[in-house]
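> predicted coordinates and the sequence they were generated for:
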Amino acid sequence: MEKDRIKVLIGEDSASIGVRIAVKLRENDMIAITRRKDGNTILDSILNEQPDVVLVDLTLPDTDALDLIEQVKMRKEKLPAFIIVSDIDSRFIERQVMGNGASYFLSKPYNIEELPSIIKSILQIPASRRTKDKEVMVTHIIQRLGVPAHIKGYYYLRSAILSAIDDNKLMECVTKQLYPCVAKKYDTTSSRVERAIRHAIEIAWDRGDTEAISQFFGYSVDNYRGRPTNSEFIALVTDKIRLQLKTMQ
């Protein structure tokens, strides 16, 4: 029945992007409504259409998403889940957005294929999908940063991040706790895990999307700063995912 389907309001001026998002959501049995990227238009649609989820850019021509959330709070008893999209991947901006009532923060470019899983995670439909959705979030980040999926380090790195999310104590001693934890899963040694992860990060740093890396790590990618250590890389991604998961509880 239509009333049981998830209704998503998409604020997007680009017809091609809006159509692609809508098609993907409808393929997953969701109701997709597209509107101009305009604060008043989106606000009116939220009040009239009663969406479960609102996908909107942080910056709008006449306002911003945080002000839009506040306006909705004043007019509606139940706030829809807001997914805020930004051109800048910044942990400071992400914390500001999440602290002001958003349910999820996405930085451009993002993978439209992952939107249905993200939406279901936010709405906790069903709760048993949380583990799978967490894996999707980790995979999205490391792929966006340029870690190639065909090397062992990709799988070791993903496993290390997922393990650290589940047990933060593993980050207290990466060499003696986290690497052995990953090595046990893949029937290998801690030293091989460490080398493979370092190799994966080196490839991402040398051949990945320089702009995405700069935005994510908060500084320019250059030969003077160098790549992050394994621990720094894992800790940063773990912190980002943990922050997003908190909003789903």
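Everything's here; your move. Worth saying up front: this structure is predicted, and the values here are computed from it rather than measured.
> so for stretch 88-101, mean pLDDT?
In this model, stretch 88-101 has a mean pLDDT of 81.
> with stretch 60-78 instead?
Average pLDDT, stretch 60-78: 86.
> quick check: end-to-end length of it?
End-to-end distance of stretch 60-78 (CA to CA, to the nearest Å): 23 Å.
> need the contact list for residue 96.
Contacts for residue 96 (CB atoms under 8 Å, 6 or more residues apart in numbering) come out as residue 66. For the C-beta atoms, the positions are set from N, CA and C on the backbone; glycine is no exception.
> for the helix or strand containing residue 48, packing partners?
Using DSSP states H and E, residue 48 falls within helix 39-49. In terms of contacts (3 or more CB pairs under 8 Å, 6 or more residues apart in numbering; DSSP states H and E), helix 39-49 is packed against strand 7-11, strand 31-35, strand 53-57, helix 65-75.
> to residue 179, which of those lies closest?
Taking CB to CB as the criterion, strand 53-57 is the member of these that comes nearest to residue 179, at 38.2 Å.
> follow-up on the earlier one: any chance of the helices and strands packed on helix 39-49 in TSV, with distance to residue 171 and mean neighbour count too?
TSV is the format used below for the helices and strands packed on helix 39-49 (distance: least, CB to CB, whole Å; neighbours: other CB atoms under 10 Å):
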stretch	distance to residue 171	mean neighbour count
strand 7-11	35	23
strand 31-35	39	19
strand 53-57	32	24
helix 65-75	31	16
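> and those: which comes nearest residue 201?
strand 53-57 (30.6 Å).
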